[in-house]
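**Q** Build me a structure from this.
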Amino acid sequence: GLLVGTLDVVLDSSARVAPYRILYQAPDSLVYWTIACGCSRKEITEHWEWLEQNLLQTLSIFENENDINTFVRGKIQSQKRQKNYNFYIKNNRDYCKGDWKNRQIKQSFSIEQKEPWSLKISKTMFSSGKVPRQGWVYLSINHLCFYSFLMGREAKLVIRWVDITQLEKNATLLFPDMIKVSTRSSEHFFSVFLNISETFKLMEQLANIAMRQLLDNEGFEQDRSLPKLKKKSPKKVSALKRDLDARAKSERYRALFRLPKDEKLDGHTDCTLWTPFNKMHILGQMFVSTNYICFTSKEENLCSLIIPLREVTIVEKADSSSVLPSPLSISTKNRMTFLFANLKDRDFLVQRISDFLQQTTSKIYLDKNISGSYISSDDESEGERQFNLNDNGIPTATQALMTMYRRRSPEEFNPKLAKEFLKEQAWKIHFAEYGQGVCMYRTEKTRDLVLKGIPESMRGELWLLFSGAINEMTTHPGYYEDLVEKSMGKYNLATEEIERDLHRSLPEHPAFQNEMGIAALRRVLTAYAFRNPNIGYCQAMNIVTSVLLLYAKEEEAFWLLVALCERMLPDYYNTRVVGALVDQGVFEELAHDYIPQLYDCMQDLGVISTISLSWFLTLFLSVMPFESAVVVVDCFFCEGIKVIFQLALAVLEANVDKLLNCKDDGEAMTVLGRYLDSVTNKDSTLPPIPHLHSLLSDDVEPYPEVDIFRLIRSSYEKFGSIRADLIEQMRFKQRLKVIQTLEDTTKRNVVRTIVTETSFTIDELEELYALFKAEHLTSCYWGGNSNATERHDPSLPYLEQYRIDFEQFKGMFALLFPWACGTHSDTLAARLFRLLDENGDLLINFREF
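**A** Predicted coordinates for the structure are as follows:
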């Protein structure tokens, strides 16, 4: 029996059939029905005894075989529904689905029965410093499980995704494709013989979801959209996997085209796009979602296109020909027409777009009626709506602060102004050829123009366009004004911090040397803190926002800040600056790969961790002269975070020799500070704004000037191979490490705080905290109708942040308390819970526990 069972597992043949079953067969039938199953003789015997007591004696009263069949099947089905008993009525020939194994594993490890598996992988070798075992890996929303049965010995492993500190693909001589899973206490290796890339991607997704749950409460709210199972079924498993795949595709789609974070991809298809600027049909992919039609070429950076459905006026099928098969024409309000061809299943695509267009029209009509300020006219350009000053003093976002403070020198027509005029003309020619506004063709030439510097007068408009903030602003008319009105006169920790930092935001700029600029900055920061209390306010947001206000209207600056905090620099500006710490780790990896001769030296000096936070959080605005730093911001809004990494590497590479000779971190910071302070923008028409790096002293000889445009060009030539998808892969790896390190720090702080108040040892407290937090996360995920915010308040002290309800407490009571036995266990647990729940909110925190 042991040998056969082992062979079943190895050969993956009948191992999915329960080892013990009770079969029912009518006398005149060749079909056997499985009515009970078990994984041990003891379990199946219990089922047999129940049948003897409740079923077999009753059968003698029936005379007709058909009546007996009907009664038996009805009785078993009834028991299954009422008591969730381990009984089945299934055709024995089809009963090899492995349901009993899934349930057995979940019961063995106390996993919620309704928690779905997203994937089950057979023929998997598992090793943890011992002899490899063959079995199955099960991936669920919250757990990674492994099960093996060899020669009578079971191997079971359950790892919570929130406990994983490292997840990576490895290769050895014996197993060329392995997945390494590390936790704080152990390492595990899995060799998946088929579809290892697909399995690893799915593991990454599930681990990412878990990290998001540790980071903030939004992770739980997002996961409520994933299917929860009332019972196990292959259809639900495939649905879960399909939903995870769809989520990953939507995330890539939003990142590629800078779309709002709630936009979901409906589908994509290969096609060609006629580009009038070079008279060519470009091969690429069309993407369709609820509110947008997008296109990107197969050849990187050749051409991309974003068409909001709110701008679409006509969608029509043109006549097919051998030269232009299955063409589709889309016209927009600004009189641009886009011609797609080679579309598979064109009729279905047109129907989907038509359906979304109808929904978009309904939304616009609703916005008109709610806000009373939306003007739907073909002549209105996006971003030109204005608000009036109301009785509360809420301003009209009519002009950027820079337009009020742009001083002209006596020589009005100097060479700098002439160069600025030529830049403006180059952009106007570009708009005439490639289109203007959100529907413009975005090509490599567009990027080249950005790298040469955006004209002062066009900066705000193009920042809105490239960041995607124009889309959110256009679809939310009146939103900013309402936020400002609601937040006026409200005070909390965020508003206190904002007030403290207002006068530290570009104090050298005349726009912020009076109450008008300060008031505008206060309104934007306060409005955002009320929009997103998870972030609230973080230092460095004031510096970035003040620069946005110089070039954009107040409402536009607000939406640029939204794009920055929520999409372009995710998790940068929360209380723990997790995003910046993650990118610091990414930067260290890039420095190791691209500047190996400097990496060890920088690690010894500890400089990378110091510079990356100040450089990344403020986009170089706090460490570089203003007129040079805004050019960096231009490139960032166009190309994303890769520009910041490239520029940081270029700065280090330019100072290799000096840094290698530095004795300590202070000397290295002085070298880098002097270099950045010497970065100039000779094309700038702005009056000189004093900027001196804090580490630069007057008695040191000035550093030779470095041209910002030359520095940016150099960063593209030497480090332009860094791709956005590579950065995302590296971010995932670092995110696991950073969040788990922060969690360990939190645990130590909690234990250090409470150890003097209890008789527990530090080790015992750490174990209790880990168990308590695991139950808290479970309650957040499976907590019924209550949301995660009720169970986790990050504004409270660490000891009081995490809370559990009575159901979680009852489970822990049974595990930990010596009196959890006998008939009064539940009553005692309830009374003890009420005793500990001092504030009567039906939740207890770790201090109370």
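**Q** mind listing what the closest residue in space to F146 that isn't next to it in sequence touches?
**A** Spatial nearest neighbour of F146, excluding adjacent residues (Cβ to Cβ, 6 or more residues apart in numbering): L157 at 4.1 Å. Bear in mind the C-beta positions are built from the backbone N, C-alpha and C, glycine included. When contacts are counted by Cβ atoms under 8 Å, 6 or more residues apart in numbering, L157 is found next to 126, 128, 144-147, 188.
**Q** Could you tell me which of these count as buried?
**A** 126, 144-147, 188 (16 or more other Cβ atoms under 10 Å).
**Q** Would you convert those residues into JSON lines that also reports secondary structure and pLDDT?
**A** Below are the buried ones among the contacts of L157 laid out as JSON lines (DSSP: H, G, I helix; E, B strand; the rest coil; pLDDT from 0 to 100):
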{"residue": "F126", "secondary structure": "strand", "pLDDT": "71"}
{"residue": "L144", "secondary structure": "strand", "pLDDT": "89"}
{"residue": "C145", "secondary structure": "strand", "pLDDT": "86"}
{"residue": "F146", "secondary structure": "strand", "pLDDT": "86"}
{"residue": "Y147", "secondary structure": "strand", "pLDDT": "80"}
{"residue": "H188", "secondary structure": "strand", "pLDDT": "89"}
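**Q** quick one: which two of the residues you listed are the most distant?
**A** Y147 and H188 (13.5 Å; Cβ to Cβ).
**Q** longest helix in the chain, by residue count?
**A** Identified as the longest helix of the chain according to DSSP state H is helix 724-754.
**Q** Following element in sequence after that one, please.
**A** helix 762-782 (DSSP states H and E).
**Q** chain center to that following helix, what's the gap?
**A** How far helix 762-782 lies from its chain's middle: 24 Å, per Cα atoms, centre = their mean, to the nearest Å.
**Q** ditto for stretch 58-76
**A** On Cα atoms, centre = their mean, the centre of stretch 58-76 falls 56 Å from that of its chain.
**Q** Quick one: mean pLDDT for that stretch?
**A** For stretch 58-76, mean pLDDT rounds to 83.
**Q** Can you tell me what sits against the helix or strand where I22 lies?
**A** Using DSSP H and E, the element containing I22 is strand 20-24. Here strand 20-24 makes contact (Cβ under 8 Å, 6+ apart) with 32-41, 43-44, 47-48, 51, 72, 92.
**Q** From those, list just the buried residues.
**A** By 16+ other Cβ under 10 Å, the contacts of strand 20-24 give 32-39, 43-44, 47, 51, 72, 92 as buried.
**Q** Might you specify the subset of those residues located within helices?
**A** Per DSSP H, the buried ones among the contacts of strand 20-24 map to helices at 43-44, 47, 51, 72.
**Q** Specify which member of those is nearest to D270.
**A** Once Cβ to Cβ is applied, the member of those that ends up nearest D270 is E43, at 53.9 Å.
**Q** Please name the nearest non-neighbouring residue to the closest one.
**A** Nearest non-adjacent residue to E43 (Cβ to Cβ, 6+ apart): Y20, at 7.0 Å.
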